[in-house]
Structures are given as structure tokens and as C-alpha cells.
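# For reference, the sequence and a predicted model appear below.
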Amino acid sequence: MINLFIGTKQKQSLKSVVYLQQLFIALLLLVLVTVIGTVGYIMIEGYSIIEAIYMTIITLSTVGFTEVRPLSDAGRLFTSILIIFNIAVFAYSVSILSRFIIEGDFRKILIERTMKKKIDQLENHVIICGYGRYGMEISKRFLKFGNSFVVIENAPQKIEELREDADIMHIEGDSTHDEVLVEAGIDRARVLVTTLNEDADNVYVVLTAKQLNPRLNIISRGSAINSESKLKRAGANHVIMPELIGGFYMASLVRKPDTVDFFQLMTEQEDTGVSFSEIVLNELPPSLQNKSLKEINSLELTGANVVALKSPHGDYIINPSPQTMIEPNMGIFIMGTNSQIQNFQKLVSE
């Protein structure tokens, strides 16, 4: 019954601990039999420490070297018992090492430890819950654009796929469990994306994540129509309904195919030289206080175009007037080359 309450990750960690304990026991037995042999030869045959250690080693290794000195009857009996005991210890040690190597647990433990160190160093990263179709696609996009992220998955088949891809940091576990989210560095993360199949599981992840990190930006997948309101009440900032988005996208391709292709090109392709970017002004620097878009002269100074604004209340202003005043916590959407966007970021941060 206890196993029902142990997560997949906990079981894997427990298994690794058991293997390490067995290896430690095997090593301890080898040391113990060496000590017993050394002490026995000193007491029974009167050997020196060096002679006793040498005699013990050649006896345990069964190399067949000649004894240091002829053994007494008591010495022969002791040697026979030592050999029999060593056979049992040797068989146990070989079985543990063989299973450890053949089953790949040694490699898995090394990978897990290395992965944990990397995850512990992450800051402002993204946590992806689930490595299904959506989680896999998100991971591909993040790898392409260099975003830091970690995947949480508990399906054995998916875990094997993740292990084969050394570029994806991952944790084996149930993302509805607090300790798994903590291990993924939820207190340091900036975004969590949950793509689980069941809406109930996504609601549970959102509730748990929001409790662990109230400042976290949470994006959740939703399946049922009525799940959107539930997920937002649980704490999700955005709820994505794949079927609705797919239908909207296909309808848009019918009505405005070139416009859809243009925006997809601008948001996904970096080789065009021009892209969109969003800059959030959490605090206004002195250079932007009580100034309008025209007064900051961004186009002439940076070459980047301001195409939209997002007010602190969440309202969008498309193609804003040059007289629009800059406000704290405002989002600015700009279009330009990478260098133009970087120049604009410098302008609004000075």
C-alpha cells in the first residue's frame, strides 16, 4: 500500500539508493575478509603485517603463488575457511556489479546526478509538464531559439526518449506532486507550461504551481470548453485550447492566407533579418518619464518601429499615435532587425 503513495521519481531514486547500498556492502565485505585474513595469519602463523596482507591477497585472488612460509594445520584450516568465505563474497560482488552495469543503472545514476546539477543552476527558466505531442513541439521550439527549460514526465517510454536527447533537461516524476515541481526549480522559474492530457491534472498542476510560486506565469492546455474558466480560477494566466486555435488558424488561412503566412514567418523565422519583440517597462527610467512615443524619438534613434502597446490594465493599442504617453508596466511591441531591437532596449533602459 505504501508504494501507491510513492511517485515514479521517488521510486527511481529509492532504487538508485538501494543499488549504491548494495555496492557499498560488497566493498565492505571485501575489506572485512581482507582484515580477517590479515589478523588471522598474524595470530595463527605469527606473520608480520606485510606477510599477512600478502598471504591474504594471494589467497583471496586465488593466483596460486607459494605461501610465505609453510602453513601449520591450523593455518591450512584457516586458509580453507577464508577461501570458502571469499567465494561467497566474490559471487555476491560480481552479481551486484554485473546487474549494475548490464541494467544500465550506473549510467542512469550518473546522468541523473549531472542533470540535477544543471537544473539546480537554472534561473528564469520554463518548466514543461508533459512530453506528449504538445510538450515535444514546445521543446523543439525552445531548443531552436535557445530558451532554458526543463521537462517533467513520468511515462517510461517518454523518459527513454528524453534520455536519448542530451540537450533536453528533464525530471522523471509526476508534475502534480509538490516535490517534483520543487526539484524542477519552480521557485526560480518564470513560466510553467502544463500540457497534460486530462484537464483535472492540469488544474491540479496550476493550483500547486501557483501556491509554490505566486509570481509564476502559467500557461495551461485545456480540452473541454468549460475548463478554461476553471483553469483561470486555479491561477492560469493563459489557457490554450488546441482545437479552437487549430480551427481559427485554418479559417484564417482561408480568409487571409498571405497575412497568416507573413505573421508566421515573422514570429518563427530568424533568417529573415526582421522580427517582432515585446519589451515590458516595469519601471520607467528618467529618460521615459512624462514622455510620448514621439518625444523618445525611437524610430530615428534605433530604426525599430513601435507597432502596438499594451496598457498596464491589459488593453492593446494597435498602431499607436506618436502622442501616446509612456506609462510604467506598459508593454511595447516593436518590429526591426536584431540590432535595431537591441538599440531600442538600450534606449528604454537608460
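Yes, it's here.

# contacts and neighbour counts: CA atoms only from here.
Noted.

# residues in contact with the closest residue to Asn329 other than its chain neighbours?
Among residues not flanking Asn329 along the chain, Asn282 sits closest, at 4.4 Å (CA to CA, 6 or more residues apart in numbering). Asn282 is in contact with Pro328, Asn329, Met330, counting by CA atoms under 8 Å, 6 or more residues apart in numbering.

# Mind picking out the helix or strand in the protein with the poorest mean pLDDT?
Lowest mean confidence among the helices and strands of the chain (mean pLDDT, DSSP states H and E): helix 298-302, at a mean of 71.

# Tell me which helix or strand comes right after it.
The C-terminal neighbour of helix 298-302 among helices and strands, as given by DSSP states H and E, is strand 305-310.

# so how far is that next one off the chain centroid?
Mean C-alpha position of strand 305-310 versus that of the full chain (CA atoms, centre = their mean, to the nearest Å) differs by 35 Å.

# And for stretch 54-69?
The answer for stretch 54-69 is 51 Å, by CA atoms, centre = their mean.

# Select only the buried ones of the contacts of Asn282 in ChimeraX?
Here is the ChimeraX selection string for the buried members of the contacts of Asn282, based on 16 or more other CA atoms under 10 Å:
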select :329,330
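
# Helices of this protein, start to end?
Taking DSSP state H as the criterion, the chain contains helices spanning 8-45, 49-61, 73-102, 105-120, 133-145, 156-164, 178-183, 199-212, 227-234, 242-255, 257-268, 293-296, 298-302, 338-349.

# Buried residues in stretch 335-350, which are they?
Met335, Gly336, Thr337, Asn338, Gln340, Ile341, Asn343, Phe344, Leu347, Val348.

# Please enumerate residues in contact with that stretch?
Here stretch 335-350 makes contact (CA under 8 Å, 6+ apart) with 273-277, 279, 281, 284-288, 298, 302-307, 334.

# Repeat the analysis, applying 7 Å as the threshold.
For stretch 335-350, contacts defined as CA atoms under 7 Å, 6 or more residues apart in numbering pick out 273-277, 285, 287-288, 298, 302-307.

# next one: stretch 119-136
148-153, 158, 175, 184-185, 188-196.

# mind checking the end-to-end distance for it?
19 Å (CA to CA, to the nearest Å).

# buried ones in that stretch?
For stretch 119-136, burial by neighbour count (16+ other CA under 10 Å) applies to 119, 122, 124-131, 134-136.

# Can you tell me the closest non-neighbouring residue to Met335?
Once flanking residues are discounted, Met335 sits nearest to Phe276: 4.6 Å by CA to CA, 6+ apart.

# where are the low-confidence patches of the stretch 1-150 of the chain?
Applying pLDDT under 70 to the stretch 1-150 of the chain flags the ranges 1-17, 19, 63-64, 66, 100-109.

# and the contacts of stretch 119-136, which of them are in strands?
Phe149, Val150, Val151, Ile152, Glu153, Val191, Leu192, Val193, Thr194 (DSSP state E).

# Take these and write them to CSV, including distance to Thr79 and neighbour count.
Below are these laid out as CSV (distance: CA to CA, whole Å; neighbours: other CA atoms under 10 Å):
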residue, distance to Thr79, neighbour count
Phe149, 60, 24
Val150, 57, 24
Val151, 56, 25
Ile152, 55, 25
Glu153, 54, 25
Val191, 66, 18
Leu192, 64, 25
Val193, 65, 24
Thr194, 64, 29
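
# Farthest pair within these?
Greatest spatial distance among the ones in strands among the contacts of stretch 119-136 (CA to CA): Glu153 and Val191, at 16.9 Å.

# Number of residues surrounding the closest residue to Lys230 other than its chain neighbours?
Spatial nearest neighbour of Lys230, excluding adjacent residues (CA to CA, 6+ apart): Val203 at 7.4 Å. For Val203, the neighbour count with other CA atoms under 10 Å is 26.

# Please apply the same query to the one 5 residues further on.
By other CA under 10 Å, the residues close to Thr208 number 19.

# how near is it to Pro214?
Per CA to CA, Thr208 is found 10 Å from Pro214.

# how does this protein divide into domains?
Domains of the chain are assigned by automatic domain parsing as 2-103, 112-246, 273-349.

# Could you say which of the ones you listed is packed most deeply?
Highest mean neighbour count among the domains of the chain (mean count of other CA atoms under 10 Å): domain 112-246, with a mean of 18.

# still on that earlier bit, save the domains of the chain as CSV, and put in distance to Phe263 too.
Below are those laid out as CSV (distance: least, CA to CA, whole Å):
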stretch, distance to Phe263
domain 2-103, 41
domain 112-246, 15
domain 273-349, 9
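
# for the ones you listed, which one sits closest to Leu265?
Evaluated over these, closeness to Leu265 peaks at domain 273-349, with 8.8 Å, by CA to CA.

# so how far is the closest one off the chain centroid?
Taking the mean of its C-alpha atoms, domain 273-349 sits 34 Å from the chain's own mean (CA atoms, centre = their mean).

# what's the answer for stretch 51-70, then?
For stretch 51-70, the distance to the chain centre is 52 Å (CA atoms, centre = their mean).
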